[in-house]
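Engineer: Sequence and predicted model, in that order:
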Amino acid sequence: MGALSHIRVLDLSRVLAGPWCAQTLADLGAEVIKVERPETGDDTRAWGPPYLKDAAGADTTEAAYYLSCNRGKKSLTLDISKPEGQEIARRLAARCDVLLENYKVGDLERYGLGYERLKADNPGLVYCSITGFGQDGPYSRRAGYDFLVQGMCGFMSITGEADDRPGGGPQKAGVAVTDIMTGMYSTIAVLAALAHRERTGEGQYIDMALLDVGVGMLANMNLNYFTSGASPKRWGNAHPNIVPYQVFACSDGHMILAAGNDSQFRKFCEVGGCLQFATDERFATNDARVRNREQLVPMLAGIIAGRRRDDWVASLEAAGVPCGPINTIAQAFDDPQVRHRGMRVEVPHPLAGKAALVANPIRLSKTPVEYSAAPPTLGQHTDQILAELIGMTSDDIGTLRERHII
């Protein structure tokens, strides 16, 4: 039994932030009902190639993007733009503990599916809205996308090489980082609201915004600005507050050197045969190294370039100096530690026989995550949900299907 096996979630969200939250709740044992548009479903179902392949090696209809954030759910097709679909959604919400949605501000109110309407039937409902900019403010009506928010929140101003270096300029992250982080913060908010409900019986409304999360997740960079009054700049693969803490080229590849304190820097100097740097007043402390990085880093780069990457990594690890290679994703999943931790899992899939998925990194000793259900095919559980939760007969369901409500 999962930690949230007593919780049922109605997931009206699409694309990534909301589905990521819902997938996390499903991983923890919640029953998650994913509501999708008839015939087309979640936008990400079509965001390919690549697509999951069947046993014969042919593409299925399931895009890899969709597979990444929808495991463990049940798929219900439902047209909530029609009154009959809205009534079904309200009946389902009355039987659920949590509702997730990422419609534009005001859209669900027009459909009779806003929080105040649903709360009247289910006072304990935890209702989480995810938008680009929140439910209020001058941007609240704008459509919000991760890429835009990465730029607006300041993230891209500190990501990428400096303007005066080759390839310099603002850079987005390689994944939709504000979507993912909003999904994770939303999960925390939902769990907090459920904890409050256990004590009081009260549900509540949660207003999550990608821009809020994007600003909030900049952590020490925000405080660097508050403390100094100057906006942090891009350092590429270097660190604004620690030296050496960056990528260096070896003779046959690249490695990350992350000497987080003076002791680790001294150990690096011992391994690298440059112990004089550890006693030089310009470099002996991290404060001094940060102030004199323009002198130190080129000298370190010259030393590191003279040896092979694996030689450096082995020698530095033995000395207790944090370092590591820059892996491709294929190399990461082949890493012995990643394999040992079981970060790749395979689950049965109705179209492909099996599907490879990424394990949830949460490790619970009493209620571990289980991987029993692949991301559902479109409408896979429609009949089951309508029959079991709101008592519809097969004739009722057939009529709804004929009228394209489901």
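Structural biologist: Looks like it came in fine. Numbering: from 1, shown residues only.
Engineer: Quickly list the domain ranges of the chain.
Structural biologist: 8-216+341-402, 245-327 (automatic domain parsing).
Engineer: Tell me how far the shortest one lies from the chain's centre.
Structural biologist: This points to domain 245-327. With Cα atoms, centre = their mean, to the nearest Å as the basis, domain 245-327 stands 32 Å off its chain's centre.
Engineer: Could you work out the end-to-end span of that domain for me?
Structural biologist: With Cα to Cα, to the nearest Å applied, domain 245-327 spans 17 Å between its terminal residues.
Engineer: Same question for the first one.
Structural biologist: Domain 8-216+341-402 has an end-to-end distance of 28 Å (Cα to Cα).
Engineer: What about Ser365, how many residues nearby?
Structural biologist: 5 (other Cβ atoms under 10 Å). The C-beta positions use only the backbone N, C-alpha and C, and glycine is treated the same way.
Engineer: Offset the numbering so it begins at 42, please.
Structural biologist: Okay, residue one is now 42; in that scheme the one you just asked about reads as Ser406.
Engineer: Surely it is within a helix?
Structural biologist: No: per DSSP: H, G, I helix; E, B strand; the rest coil, Ser406 lies outside any helix segment and is coil.
Engineer: returning to that earlier point: go through the domains of the chain and pick out the most buried.
Structural biologist: domain 49-257+382-443 (a mean of 18; mean count of other Cβ atoms under 10 Å).
Engineer: Okay, helices next: where are they in the stretch 342-447 of the chain?
Structural biologist: 350-360, 370-375, 377-381, 423-431, 435-443 (DSSP state H, counting those that start in this stretch).
Engineer: Mean pLDDT for the ones you listed - can I get that in JSON lines?
Structural biologist: Formatted as JSON lines, those follow (pLDDT from 0 to 100):
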{"stretch": "helix 350-360", "mean pLDDT": "96"}
{"stretch": "helix 370-375", "mean pLDDT": "95"}
{"stretch": "helix 377-381", "mean pLDDT": "97"}
{"stretch": "helix 423-431", "mean pLDDT": "97"}
{"stretch": "helix 435-443", "mean pLDDT": "96"}
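Engineer: could the ones you listed go into a markdown table alongside distance to Pro339?
Structural biologist: As requested, those are exported to a markdown table (distance: least, Cβ to Cβ, whole Å):
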| stretch | distance to Pro339 |
| --- | --- |
| helix 350-360 | 17 |
| helix 370-375 | 29 |
| helix 377-381 | 33 |
| helix 423-431 | 63 |
| helix 435-443 | 69 |
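Engineer: Please enumerate residues in contact with stretch 83-103?
Structural biologist: Contacting residues not belonging to stretch 83-103 are listed as 55-57, 60, 75, 77, 81, 104-108, 110-111, 390, 392-394, 396, 416, 418-419 [Cβ atoms under 8 Å, 6 or more residues apart in numbering].
Engineer: Ends of that stretch, what's the gap?
Structural biologist: 11 Å.
Engineer: Then stretch 360-379?
Structural biologist: First residue to last in stretch 360-379 (Cα to Cα) measures 23 Å.
Engineer: Then stretch 149-168?
Structural biologist: End residues of stretch 149-168 are separated by 12 Å (Cα to Cα).
Engineer: avg pLDDT for that stretch?
Structural biologist: When pLDDT is averaged over stretch 149-168, the result is 97.
Engineer: next one: stretch 104-113
Structural biologist: Stretch 104-113 comes out at a mean pLDDT of 97.
Engineer: ditto for stretch 319-331
Structural biologist: Rounded mean pLDDT across stretch 319-331 is 96.
Engineer: Ends of it, what's the gap?
Structural biologist: End to end - Cα to Cα - stretch 319-331 spans 14 Å.
Engineer: And the contacts of that stretch?
Structural biologist: Counting by Cβ under 8 Å, 6+ apart, 281-285, 302-303, 306-307, 310-311, 318, 333, 336-337 sit against stretch 319-331.
Engineer: tell me the phi and psi of the residue sitting furthest away from the middle of the chain?
Structural biologist: Distance from the centre of the chain peaks at Gln317, with 44.0 Å (Cα atoms, centre = their mean). Taking degrees, to the nearest 10, you get phi -60, psi -30 for the backbone angles of Gln317.
Engineer: Nearest spatial neighbour of it, chain-adjacent residues omitted?
Structural biologist: Nearest residue to Gln317 in three dimensions, chain neighbours excluded: Cys310, at 7.7 Å (Cβ to Cβ, 6 or more residues apart in numbering).
Engineer: in a helix, that's where that neighbour is, yeah?
Structural biologist: Yes: judged by three-state DSSP, Cys310 forms part of a helix.
Engineer: what residue is smack in the middle of this protein?
Structural biologist: Mean-position check on the chain, Cα atoms, centre = their mean. Result Ile221 at 2.5 Å.
Engineer: ends of stretch 282-300, how far apart?
Structural biologist: 12 Å.
Engineer: residues in contact with it?
Structural biologist: 261, 265, 276-280, 301, 306, 309, 327, 330-331, 334, 337-338, 341-342, 345-350, 353-354, 357, 362-367.
Engineer: 6 Å instead?
Structural biologist: 278-280, 306, 309, 330-331, 334, 341-342, 345-346, 349-350, 353-354, 363-367 (Cβ atoms under 6 Å, 6 or more residues apart in numbering).
Engineer: Determine the longest helix present in this structure.
Structural biologist: Ranked by residue count under DSSP state H, the longest helix found in the chain is helix 218-241.
Engineer: If you count contacts, what does it end up packed against?
Structural biologist: Using 3 or more Cβ pairs under 6 Å, 6 or more residues apart in numbering; DSSP states H and E, the elements in contact with helix 218-241 are helix 58-68, strand 167-172, helix 187-193, strand 245-250, helix 251-257.
Engineer: Nearest to Gly383, out of the ones you listed?
Structural biologist: helix 58-68 (13.7 Å; Cβ to Cβ).
Engineer: ok, Gln378 - how many residues close by?
Structural biologist: Using other Cβ under 10 Å: Gln378 sits among 8 other residues.
Engineer: one step back: give me the contact list for the longest helix of the chain.
Structural biologist: By Cβ under 6 Å, 6+ apart, helix 218-241 touches 57-58, 61-62, 65, 139, 165, 167, 169, 171, 187, 190-191, 244-245, 247, 249, 251, 254-255, 258.
Engineer: Ile344 and His381, how far apart?
Structural biologist: Plainly put, Ile344 is 33 Å away from His381 if you go by Cβ to Cβ, to the nearest Å.
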